[in-house]
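1. give me coordinates for this.
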Amino acid sequence: MSSPQPIMEGRPGLTGAADAASTVHVRDLESLARIDLAPLAPRIDREGLYPEAVLRAAGAAGAFRYHLASQNPAGTTDIAAAVDAMAVLSAECMSTGFCAWCQDACAWYVENSANEALKREVLPGLSRGELLGGTGLSNPMKHFSGIENLKLSARPVSGGFVVNGMLPWVSNLGEDHYFAAIFQVEGGDGRAVMALIHCSDEGFSLEPCKEFTALEGTRTFGCRFKDVFVPEDRVLADPVAPFIRRIRSGFILLQMGMGLGVVEGCIRDIRESGQSLSHVNCYLDVQAEDLETSVQDARAALRVLAETPFDESRDYFREVLQLRLAGSELALKASQAAMLHAGARGYLAHAPAQRRLRESYFVAIVTPAIKHIRKELAKLEAA
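-> Below you'll find the model as predicted:
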């Protein structure tokens with residue numbers, strides 16, 4: 001992989017979001033995305049190529065540390081800057097942007113846990129991309145919303161837990177990767193525990209999923225636990241409910257990097273289509289300028305909410321969910337517009353427009369999906 005070359009201008013969304021050193025890293029990330037990632041995007045999408053080298057380089061450029069106060073040189077929990085970094089990758093390839101979110105989420109869990117050993121031994125590597133990881137919380141987040149039951153169960157044993165069960169889809173995984181899991185403890189009191197799992201743990205196995213229509217390069221597997229021993233020193237939260245309340249807003253806000261990146265990629269595609277089709281594309285309802293205004297509004301709202309990610313109030317969480325919903329809807333709107341602007345050219349196998357259309361649907365269905373968010377909002381309104 002070639003070394004990233006610095007560019008002259010940083011993205012507008014990053015102005016004021018990071019210190020001078022962080023801005024240099026973001027410029028490196030932009031070059032990495034343009035020079036190394038963009039040419040790989042069709043292979044990642046169509047062949048299932050896992051962008052491991054790009055992810056590790058992005059970590060070295062600082063992409064995975066902004067939201068981690070203990071790893072960010074500024075000493076701040078800068079979720080807005082983390083979103084900006086993720087959007088840089090997602091604008092070129094949302095499969096890679098999604099893997100970046102998985103990485104950010106995994107590190108977010110460790111950062112906010114009370115497990116000092118994991119903070120010393122694992123967190124620095126996650127923040128630098130030297131260690132890679134997934135999130136594993138799709139099923140638990142649905143469980144806490146009353147949509148699914150927990151799919152993992154555990155019995156307490158000396159020194160930890162023995163876990164059994166199957167998680168259907170967990171992404172950004174490999175034999176040397178970490179991810180977080182939540183399991184129901186046997187005993188009838190409803191207690192659940194969250195722990196960090198390593199894919200090399202004895203009794204744990206990765207099972208291939210059926211082929212997806214998009215995001216094939218995200219290393220998404222089924223995760224089978226067969227008498228997997230999880231030691232106490234890997235526990236992130238016990239009990240888990242208070243921990244989920246602490247991390248959930250950051251978990252959701254960080255996802256905005258995927259949607260915003262897709263929209264910004266669509267804006268670029270629309271402008272490129274306009275170089276030869278502006279005389280007819282001008283009759284379409286959604287133009288690049290409309291989307292740019294919406295992106296600016298979303299970024300402004302994000303920066304306000306990102307200032308207090310540990311606010312556990314009902315009103316704050318409602319605003320977080322509303323922004324995330326708006327991000328999904330904007331991604332869908334932008335990708336459809338880009339496809340219409342591209343016309344028949346958008347149907348070509350390697351055309352960015354049809355890829356972004358499929359990516360935008362993932363923004364809308366990844367946990368929390370649009371229907372999940374609307375369920376939560378209805379519950380908040382009824383409370």
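2. all helices of this protein, in order?
-> Applying DSSP state H to the chain gives helices spanning 20-31, 41-47, 52-60, 79-92, 94-112, 116-121, 123-128, 138-144, 241-254, 256-281, 288-306, 314-342, 352-365, 370-382.
3. winner for burial among those helices?
-> Ranked by mean neighbour count, those are led by helix 79-92 with a mean of 30 (mean count of other C-beta atoms under 10 Å). Glycine gets a C-beta too; all of them are placed from N, C-alpha and C.
4. that one to helix 256-281, inter-axis angle?
-> Put simply, helix 79-92 runs at 50 degrees to helix 256-281, going by axes from the mean of the first three to the mean of the last three C-alpha atoms, to 10 degrees.
5. let me see the mean pLDDT of helix 79-92.
-> Average pLDDT, helix 79-92: 97.
6. give me the neighbour count for Ile147.
-> Neighbour count of Ile147, defined by other C-beta atoms under 10 Å: 16.
7. pLDDT score for it?
-> Ile147 is given a pLDDT of 96.
8. how about the one 5 residues further on?
-> Leu152 is assigned 98 on the pLDDT scale.
9. ok, now Asp28?
-> 86.
10. cool, and Gly97?
-> Note for Gly97: predicted pLDDT of 98.
11. which residue sits farthest out from the middle of the chain?
-> Distance from the centre of the chain peaks at His279, with 37.7 Å (C-alpha atoms, centre = their mean).
12. how close does it sit to Pro208?
-> Distance, His279 to Pro208, using C-beta to C-beta, to the nearest Å: 48 Å.
13. one more: Ala331?
-> Ala331 is 28 Å from Pro208, by C-beta to C-beta.
14. gap between stretch 359-368 and the chain center?
-> Relative to its parent chain, stretch 359-368 has a centroid offset of 10 Å by C-alpha atoms, centre = their mean, to the nearest Å.
15. avg pLDDT for that stretch?
-> In this model, stretch 359-368 carries a mean pLDDT of 97.
16. and what of stretch 201-210?
-> The average pLDDT for stretch 201-210 rounds to 95.
17. and if you look at stretch 111-130?
-> On average, stretch 111-130 scores 98.
18. residues in contact with it?
-> With contact meaning C-beta atoms under 8 Å, 6 or more residues apart in numbering, stretch 111-130 is reached by 55-60, 63-65, 67-71, 103, 106-107, 110, 131-133, 178, 196, 233-237, 243, 246-247, 250.
19. likewise stretch 339-353?
-> For stretch 339-353, contacts defined as C-beta under 8 Å, 6+ apart pick out 41-42, 46, 265-266, 269-270, 273-274, 277, 281, 284, 286, 335, 338, 354, 356-357.
20. try 7 Å
-> Pro42, Gly265, Asp269, Ile270, Ser273, Leu277, Asn281, Leu284, Ala338, Gln354, Leu357 (C-beta atoms under 7 Å, 6 or more residues apart in numbering).
21. next: stretch 76-91.
-> Applying C-beta under 7 Å, 6+ apart, the contact partners of stretch 76-91 are 11, 13-14, 17-18, 22, 26, 29-30, 33, 37, 58, 63, 66-67, 69, 72, 96-97, 100-101, 104, 250, 253-254, 256-258, 260-262, 264-265, 302-303, 306, 309.
22. list the contacts of Asp104.
-> Phe64, His67, Ala82, Met86, Leu254.
23. now do 10 Å
-> Contacts here follow C-beta atoms under 10 Å, 6 or more residues apart in numbering; on that basis Asp104 touches 63-68, 79, 82-83, 85-86, 126-127, 133, 135, 250-251, 254-255, 257.
24. pLDDT below threshold where in the chain?
-> For the chain, the stretches flagged by pLDDT under 70 are 1-26.
25. and it, what are its domains?
-> If you go by automatic domain parsing, the domain ranges for the chain are 12-128, 138-240, 242-382.
26. which residue, other than its chain neighbours, is closest to Leu167?
-> Among residues not flanking Leu167 along the chain, Cys223 sits closest, at 4.3 Å (C-beta to C-beta, 6 or more residues apart in numbering).
27. who's in contact with that neighbour?
-> Residues near Cys223 by C-beta under 10 Å, 6+ apart: 134, 136, 151-152, 165-170, 173, 179, 181, 197, 199, 204-207.
28. which among these end up buried?
-> The neighbour count (16 or more other C-beta atoms under 10 Å) marks 134, 136, 151-152, 165, 167, 169-170, 173, 179, 181, 197, 199, 204, 206 as buried among those.
29. nearest to His372 among those?
-> Nearest to His372, judged by C-beta to C-beta, of these is Trp169 at 14.8 Å.
30. out of the buried ones among the contacts of Cys223, who's nearest Ile365?
-> Closest approach to Ile365 among those (C-beta to C-beta): Trp169, at 11.2 Å.
31. does Ala195 have beta-bridge partners, and which?
-> For Ala195, the beta-bridge partners are Ala181, Val235 (DSSP bridges).
32. so what's the residue count around it?
-> 29.
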